[in-house]
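Enquirer: okay, sequence plus prediction incoming.
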Amino acid sequence: MKRLTSEVLYHPLVAQSTFYLTDVLSRTDLGLSGALFVLAARWIARFLRERRSDPA
């Protein structure tokens, strides 16, 4: 179990998403609601950017 846990925790996708979430939380004064707002705003901005660049 320890080996499995260490492999999963240090997997690049898990580590990268953890660092990203920590970065977002630190930018919003460690508030969960602020972090969720930032994530939602970034998701919406990315969605709209892709919709604008789509020629269809």
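Expert: Arrived safely.

Enquirer: now do the SS call for residue 47.
Expert: Using DSSP: H, G, I helix; E, B strand; the rest coil, the structure places residue 47 in helix.

Enquirer: now do the same contact list for it.
Expert: Residues near residue 47 by Cβ atoms under 8 Å, 6 or more residues apart in numbering: none. All C-beta atoms are positioned from the backbone trio N, CA, C, and that covers glycine.

Enquirer: what about the helices in this protein?
Expert: Using DSSP state H, the helices of the chain run over 2-9, 12-27, 32-53.

Enquirer: show the contacting residues for the closest residue to residue 25 other than its chain neighbours.
Expert: Distances taken as Cβ to Cβ, 6 or more residues apart in numbering place residue 35 nearest to residue 25, at 4.9 Å, with adjacent residues excluded. Residues in contact with residue 35, defined by Cβ under 8 Å, 6+ apart, are 21, 24, 25, 27, 28.

Enquirer: number of nearby residues for residue 49?
Expert: Burial measure for residue 49: 10 neighbouring residues, criterion other Cβ atoms under 10 Å.

Enquirer: now it: how far from residue 2?
Expert: From residue 49 over to residue 2 the distance is 43 Å, taken as Cβ to Cβ, to the nearest Å.

Enquirer: what do you get for residue 34?
Expert: Using Cβ to Cβ, residue 34 is found at 35 Å from residue 2.
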